[in-house]
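*Asks:* Sharing a sequence plus its predicted fold:
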Amino acid sequence: MKIKPLGERVLVEPVKEGEVAKGGIIIPESAKEKPQEGVVIAVGTGKIDKDGKKIPFNVKKGDLVLMPKYGGTEVKVDGKEYQIMREEDILAIIG
Amino acid sequence: MKIKPLGERVLVEPVKEGEVAKGGIIIPESAKEKPQEGVVIAVGTGKIDKDGKKIPFNVKKGDLVLMPKYGGTEVKVDGKEYQIMREEDILAIIG
Amino acid sequence: MKIKPLGERVLVEPVKEGEVAKGGIIIPESAKEKPQEGVVIAVGTGKIDKDGKKIPFNVKKGDLVLMPKYGGTEVKVDGKEYQIMREEDILAIIG
Amino acid sequence: MKIKPLGERVLVEPVKEGEVAKGGIIIPESAKEKPQEGVVIAVGTGKIDKDGKKIPFNVKKGDLVLMPKYGGTEVKVDGKEYQIMREEDILAIIG
Amino acid sequence: MKIKPLGERVLVEPVKEGEVAKGGIIIPESAKEKPQEGVVIAVGTGKIDKDGKKIPFNVKKGDLVLMPKYGGTEVKVDGKEYQIMREEDILAIIG
Amino acid sequence: MKIKPLGERVLVEPVKEGEVAKGGIIIPESAKEKPQEGVVIAVGTGKIDKDGKKIPFNVKKGDLVLMPKYGGTEVKVDGKEYQIMREEDILAIIG
Amino acid sequence: MKIKPLGERVLVEPVKEGEVAKGGIIIPESAKEKPQEGVVIAVGTGKIDKDGKKIPFNVKKGDLVLMPKYGGTEVKVDGKEYQIMREEDILAIIG
């Protein structure tokens, strides 16, 4: 089964809190807006600019990203948890 | 009888909660904003861009989609329940 | 007497609640935002795009439409009740 | 004395409530947003589009219009009451 | 001393309430948003449109205008009170 | 040490309240939004228009300006107090 | 490990409060919105203008900047604290 996010959305699999985060980033407990690591599983159908052309995504499948913890919509597919969020809400690519 | 949604709206038939969802997606009980599966029945008359051209839809009749549960307007036609919602509120295509 | 709505507005005659709705649509009692059927009586003077050209309407005189119940302004002309609303607030054309 | 409304504003003389409205429109007591009839006395200096050209008005001096009752600014000139409002707030031309 | 308002702002000297207003306009006590007469003393450095060209002002030095009473910023120069406000907040030119 | 404001910001040194304001402007005690005099110390890196060109500033280094008292961000450099604010928040140039 | 901020975001390493700020700027205790010094570590993938071209950044790696204290998202990488914020929220470059 495949999920194709609509428009400028992306599908991200969050790195679980108990796991050792791949990016080695530690989020301070005191942080106002806690970010979270995740892996991009699929990018959306694309955002259309004013001339009808699709704007390319800055992230691609497989990218390890830093994202706000409650910025997307949670879904569970085949037992795995994912987040669907707008690309512009992703904070950074970790590489 | 036919319903043609206006502008960028689409007509979606939600997959009932008791049924086995076609897409196999499980929505966690703890999810803040619960999405729901549905089938696209009709796309709208189209959204006009700044040059007067119609912007094509990303979804088409028959697509299985993931949508927010309370994001549209409920209507009942010939005994069936539907949702009329803007295409940009649809989260993903399941395929 | 004639009423010409201004700009992108349309004049709609609602189908009274007691009547058998022409479109056969039943609005569930539980619906959050109850839509209502109506017949388009007149379209507006037109909306101007950025190049000064009028954008065509998606609805035309005589169309049976589905509209939000409290989305327009009520007026009574020659004993009949009408709604003046923006075209973009109409949900769908029933045909 | 002359009043020239600025920009896209128009000067309208409301038809007094006690008078027989010229347009024959009755506003239901139950109406949420009560419209009111009025006569256009003067149109504004014009709204400028993105290319510096003035956008023509849809109403002209002498037009009988339907307008929201509290949508403008009241002024009294030579003993007569007027409303200065943006043209886009006028609902319809009655003719 | 000279004051040059910035951008689309204008400098207006209000006609004092005790004086006989030059324009002969009476503001009803019941008015929700009380307008006030004033004389334009200086127009701003100009508003820039999307192509970098300055958009001309609709009012000029010496114009008697109708303006909202609390729409600007009060300043006192050489013992006289003025208002600095955006041109689009001026309601009408009285002439 | 030099401070270069970012984008459309400007760096202004306020005229202290105890000093005789250079521009001779008296701010009435009753004023809702108290403006304040200041001297422009530096203009920003520039605002970009839609074609990628920098939009010129209306104020320049050395200009005596009228600005809202609490419209910017206070900073202290080498013992002097400054305000960093957007140029569009400056009310007028005094000259 | 490298962090590439997304879009118009930048990664900044704040100068710790106990350290002697490089820029010599003192933030008054009474300041409403306390700015803070920091060093730019990385600029984002770029903001796209309406023609699909990337808009250049005004700051570059190594720049000492003045930024609002709580304007970004805190992250900790390899034991160091950083802020990810939009470039337009940076107040000034100190040089």
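*Replies:* Thanks, I have it. This structure is a prediction, so every number in the text was calculated from the model and none was measured.

*Asks:* and stretch A:81-95, is it in reach of chain G?
*Replies:* Yes. Contact of stretch A:81-95 with chain G (C-beta under 8 Å from any C-beta of the partner chain) involves A:Glu87, A:Glu88, A:Ile90, A:Leu91, A:Ala92, A:Ile93, A:Ile94, A:Gly95. Heads up, the C-betas are built off the backbone N, CA and C, glycines and all.

*Asks:* For that stretch, give the mean pLDDT please.
*Replies:* Looking at stretch A:81-95 alone, the average pLDDT works out to 94.

*Asks:* ok, how many other residues are close to the closest residue to A:Pro35 other than its chain neighbours?
*Replies:* Of all residues not flanking A:Pro35 in the chain, A:Leu66 sits nearest, at 5.0 Å (C-beta to C-beta, 6 or more residues apart in numbering or on different chains). Neighbours of A:Leu66 under the rule other C-beta atoms under 10 Å in any protein chain shown: 25.

*Asks:* Secondary structure element holding A:Leu66?
*Replies:* Under the criterion of DSSP states H and E, A:Leu66 resides in strand A:64-68.

*Asks:* elements contacting the helix or strand just after that strand?
*Replies:* Sequence order places strand A:73-77 as the next helix or strand after strand A:64-68, per DSSP H and E. Here strand A:73-77 touches strand A:80-86, strand B:25-26, going by 3 or more C-beta pairs under 8 Å, 6 or more residues apart in numbering or on different chains; DSSP states H and E.

*Asks:* that older thread, out of the residues of stretch A:81-95 next to chain G, which sit inside strands?
*Replies:* Of these, the ones assigned to strands by DSSP state E are A:Ala92, A:Ile93, A:Ile94.

*Asks:* Compare those residues and tell me which is most surrounded.
*Replies:* Of all these, A:Ala92 has the most neighbours under the rule other C-beta under 10 Å, reaching 28 neighbours.

*Asks:* what about that one, distance to C:Ala92?
*Replies:* 42 Å (C-beta to C-beta, to the nearest Å).

*Asks:* Who does the longest strand along chain A pair with, and is each partner parallel or antiparallel?
*Replies:* The longest strand of chain A (DSSP E) is strand A:35-43. Taking DSSP bridges as the criterion, strand A:35-43 forms sheet pairs with strand A:9-14 (antiparallel), strand A:64-68 (antiparallel).

*Asks:* avg pLDDT for it?
*Replies:* Strand A:35-43 carries an average pLDDT of 94.

*Asks:* List the buried residues of that strand.
*Replies:* A:Pro35, A:Gln36, A:Glu37, A:Gly38, A:Val39, A:Val40, A:Ile41, A:Ala42, A:Val43 (16 or more other C-beta atoms under 10 Å in any protein chain shown).

*Asks:* list the contacts for the nearest residue to the last one once chain neighbours are set aside?
*Replies:* The shortest distance from A:Val43 to any residue that is not its chain neighbour, by C-beta to C-beta, 6+ apart, is 4.6 Å, and that residue is A:Phe57. A:Phe57 sits next to A:Glu8, A:Val10, A:Val43, A:Gly44, A:Gly46, A:Glu87 when contact means C-beta atoms under 8 Å, 6 or more residues apart in numbering or on different chains.
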